[in-house]
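Q: Output the structure for:
(chains A and B)
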Amino acid sequence: MNFFRKYNRTKNLHRPPISSQNQQKTPLPTFISKSVSENISMVHTHFTLAPDLIVKKMVIQQTGSHAALVYMSGLANQMVINDYVLTSLLFKEETKNKSEDLKVLLGHQQEATTWFEIENAIFQGNSVLFVENHTNVFIFNTPGYPQRQVGDSQLEPSLRGSHEGFVETGSQNIAMIRRHLPNLDLKIKEATVGKRGKTKISILYLADVANPEVLQVLEKRIQELDVDMILNTGVLGELIEDNPYSPLPQFIITERPDFAALQISLGRIVTVVDDSPSVLIGPASFTSFFQNIDDYGSRWMVASFIRLLRYVAFFIAVFLPSIYIAVISLHIEVIPLKLLLSIGESRDRVPFPPLLEAFFMEITLEVLRESGLRLPAPIGQSIGIVGGIVIGQAAVEAGIVSNIMVIIVALTAIASFIIPNYDMGSALRIIRFPMMVVASIFGFVGITIGFMIFIGHFIALESLGTPYGSPLAPIRFSEWKDVFIRFPQRTLVNRPFSTRATQLRRAKNNPSKGDKH
Amino acid sequence: MNTYIKNEITLMQFILVIHGLQVGVGVLELPRKLAETAGTDGWISIILGWILTTIASLIIIQVMKKNPHGSILELVTQNFGKLIGKLVTILFALYFAALSVIILIRESLFIQKWLLPQTAFPVLLLLLIIPSYLIVQHNIRVLARYSEFIFYISLWIFIVYLIPTKEAHLLNLLPVLKDGMKPILQAVHSTLLSFIGFEAAFFLYPFLRQKQAAALGIVVANTLSMLLFLIVTIAAFSFFSPDEITQFKEPVINMFKVIEFQFIERLEIIFLTYYIFVISTTALPLLFLTVFCTSKLTGRQDRHSRHLIWFFSALFIYVLMSSPTFQQNSQWQGKIANLSIFVAYLLPLFLWMFLWVKHLFQRRELH
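A: Residues are numbered from 1 along each chain as shown, chains lettered A, B, ... in the order given. From the prediction side, this is the model:
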């Protein structure tokens, strides 16, 4: 026991003095008291070791009563406080106003009575005014925490889409979506998640379009979360997805407000996480990861061509190395003689089995990709040159890998980069490796079995309770107008089935019976 | 009852599950079997078999209409009592289990014969078991979507199959009816076996959303399969000479051997690998029906995956102990063939007659 006590004491050295700790443990009263000085001492005992807390005592000129303004120096905008709050309170002469209503040059002003609200308000960058003989406080909206400028999206650049991307402030992100969809039916439900992080999460949807069942599933999953904090959208997505053991992403994560607004108008639900520069879109289907905002901005033939390229790229990214390995190691008879000769010539000096050769190249490539990502942009590019050209060329000349293998690995890498969604592209890169292993052992049969497992998985998978494979499985040919090929805009009159929207036709008011708005 | 409503399948899925059940390993050998018994007139037997099948399947739908919210198991339990109901459930479970075992083993034998002659048989079986387990453990909906999806992505096989017919001679089919009707009627037996699979309607009917279209659906499914059998058979008959065709065990695969592209040779290897998908639409519904029956038996609807694991372990252990061969497999197939004919063609008739008679008596009692 003695040992433990000693341990505790040493641990406490790093903590604030015991006295203040004890005081903090006394439970806070729910409501504030009438006396300002009592309230201020309560604030001081409550916010210990918070040097950025500013408490300014004063006498209000409008009413002549004692008061105190409390805010966090880093979170609140001091200019706004000085110019609009303090100026009005301190220098405005007494008016014939007896209604005890304070006149402040600020639009956004609330009142609160509980300590809980006060604490939240201070942490959100608001300033709180305690007034003598008042059982409520005034909360002025004076946020001034650091914010990033709205800029182009880094991860999803586009040619024709808008050049603004989401930033780290939830309210701004919501505003950007609202600018695309100024509609009374755009509803926002808010929730606070995280015992410590208290992350504000907003769910945006069109009340007369989004399926209420899907919305309910999403809300329930968010409410049931029991975590410390939500770091960003990816964390939230992983916490609420249907099958965490699936390699496939089950929510679309985007940085683009126009894409998010488009998805809302199609009947999907967007979840905005405060402090995160991307939003979560669900329910997602497999094919929705192959769509991009530029598909709608450019003319339909070009868009369709690029979209078809993406699906071809999907097959290349997943199957090309495994097919090559299968052919070389087990089904050499499939290749015509001329081609066989050139492959044989290239593989002549390579002492390794095709699988090892492929793994060596693939892993080199993945390492290069990741290291290029972690370095600052100017150096990152040179890494690509060093890796791609120097290592590839040298490896071929040294006889470690064959020329054809380098071509195949490079093709595969390019193909996986064409997938517009980063998560889907990464998922395909992961799926490729087990495919290569089964292909080297069982040849084409292994690839078929691997593909069968993939198909079975993606057919059974659901995103927020809606089928992930739609419109491929369950098959819906009428929806294929916007899957492999994008038909002209005039023909795209229906919303996708996979969103389970309650109004099937776009731009028409035709609520179905299931609409419980 | 609730399980049926929650897992509705569409009419198209109903059609394609039945069609998938009918088209499997058998198609590869069908032209040879027909040629052996009926010569080049074998294609007529397909049409005769189709007529019989359509009649039988319409009777099945008529029977199932009497109890639209349950499968045949509930129907039997209601009419003959619980004990016989259990017995029928066991028999159906054994029947479907036997069929799926035969197909899984035959599929692995095919893979071993054509694609991976060096790989050990149990390993190949294990390869087939893994995806089967992953898909069948879910509900009928996933399975129906799977069958539907595979049907559409397999259509290319059919187009490629027609490439060799540019060297075909329709003269090979003549003269029609050269040996009279008798051999044609004898060959109907093997065509009936090809159509086996539509008896799954006994179990699929309650899941169907548009029940009023069930009769249409099953007829479409049979017709689709019939057209496929017919085209495959006629193509093979006109491609090979009448004497040549019986020399190949699987003439359909041998037809693919002729095709050669600039970038690919030995297309039959690609075809056979891909055919695993087509065979899987036969094997997976059968496996599902097996565990559907067994979980009905234990009264727990959510135990599909557990029963599947038991089933697959037993099968795997059996295969480890013995080494199955094509001959043994064909023997088994021959043994179960008569049972299949009974279940698919005679059982519906008996049930229908029984229900009709019962209905008559009930009406008399009322008056």
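
Q: Residue A:507: how many residues sit nearby?
A: Residue A:507 has 7 neighbours, counted by other C-beta atoms under 10 Å in any protein chain shown. (C-beta placed from N, C-alpha, C; glycine too.)

Q: What residue, apart from its backbone neighbours, is nearest it spatially?
A: residue A:493 (7.8 Å; C-beta to C-beta, 6 or more residues apart in numbering or on different chains).

Q: So the one you found sits against residue A:506, correct?
A: Yes - assessed by C-beta atoms under 8 Å, residue A:493 is found in contact with residue A:506 at 5.9 Å.

Q: Can you show me the strands along the chain?
A: Since you didn't name a chain, this refers to chain A. Here chain A has its strands, by DSSP state E, at A:53-59, A:66-72, A:109-112, A:127-131, A:137-140, A:186-193, A:199-206, A:252-254, A:269-273, A:279-282, A:462-463, A:466-467.

Q: looking at the ones you listed, which has the lowest confidence?
A: The stretch with the lowest mean pLDDT among the strands of chain A is strand A:109-112, at a mean of 83.

Q: give the contact list for residue 213.
A: As the question left the chain open, I've gone with chain A. With contact taken as C-beta atoms under 8 Å, 6 or more residues apart in numbering or on different chains, residue A:213 is in contact with A:465, A:500.

Q: Not quite, go with chain B.
A: Applying C-beta under 8 Å, 6+ apart, the residues contacting residue B:213 are residue B:11.

Q: how much space between it and residue B:143?
A: Per C-beta to C-beta, to the nearest Å, residue B:213 is found 20 Å from residue B:143.

Q: Spatially nearest residue to residue B:199, not counting backbone neighbours?
A: residue B:344 (4.1 Å).

Q: so is that neighbour in a helix, a strand, or just coil?
A: helix (DSSP: H, G, I helix; E, B strand; the rest coil).

Q: show me what contacts it?
A: B:56, B:192, B:195, B:196, B:198, B:199.

Q: Near the last one, how many other residues are there?
A: When counting by other C-beta under 10 Å, one arrives at 25 neighbours for residue B:199.

Q: got a pLDDT number for it?
A: So, for residue B:199, pLDDT stands at 89.

Q: Could you measure from it over to residue B:219?
A: Residue B:199 is 15 Å from residue B:219, by C-beta to C-beta.

Q: swap in the second one?
A: In this structure, residue B:192 lies at 16 Å from residue B:219, with C-beta to C-beta as the measure.

Q: The two - which one has more neighbours?
A: residue B:192 (21 against 18).

Q: I'd say the more buried one and residue B:53 touch.
A: Yes - between residue B:192 and residue B:53 a contact is recorded at 7.0 Å, counting by C-beta under 8 Å.

Q: Now do the shared contacts for the two.
A: residue B:345.

Q: Closest to the centroid, which residue in chain A?
A: residue A:233 (3.2 Å; C-alpha atoms, centre = their mean).

Q: Just the buried residues of the longest helix that chain A contains, please?
A: Using DSSP state H, we find that the single longest helix of chain A is helix A:422-460. Of the residues in helix A:422-460, A:422-425, A:427-429, A:431-432, A:435-460 count as buried by neighbour count, 16 or more other C-beta atoms under 10 Å in any protein chain shown.

Q: And stretch B:68-81, by the same measure?
A: Quick answer for stretch B:68-81 (16+ other C-beta under 10 Å): B:70, B:71, B:72, B:73, B:74, B:75, B:76, B:77.

Q: ok, the first one to chain A distance?
A: So that's residue B:70. Remark: distance between residue B:70 and chain A (C-beta to the nearest C-beta, to the nearest Å) = 24 Å.

Q: Quick one: distance of stretch B:324-336 to the chain centre.
A: Computed by C-alpha atoms, centre = their mean, to the nearest Å, the chain-centroid distance of stretch B:324-336 equals 16 Å.

Q: Can you pull out the residues in contact with that stretch?
A: B:95, B:98, B:99, B:102, B:105, B:106, B:109, B:113, B:121.

Q: okay, these in CSV with pLDDT and neighbour count next?
A: As requested, those are exported to CSV (pLDDT from 0 to 100; neighbours: other C-beta atoms under 10 Å in any protein chain shown):
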residue, pLDDT, neighbour count
B:95, 93, 20
B:98, 93, 18
B:99, 92, 25
B:102, 92, 20
B:105, 93, 23
B:106, 91, 22
B:109, 91, 19
B:113, 88, 14
B:121, 91, 19
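
Q: among these, which two are most distant?
A: Pairwise distances across the contacts of stretch B:324-336 peak at 26.9 Å for B:95 and B:113 (criterion: C-beta to C-beta).

Q: Run through the residues that contact the residue of the stretch 151-300 of chain B found nearest chain A.
A: Ranking the residues of the stretch 151-300 of chain B by distance to chain A (C-beta to the nearest C-beta) places residue B:273 first, at 4.0 Å. By C-beta under 8 Å, 6+ apart, the contact set of residue B:273 is A:444, A:445, A:447, A:448, B:115.

Q: Any idea which of those residues the model trusts least?
A: residue B:115 (89).
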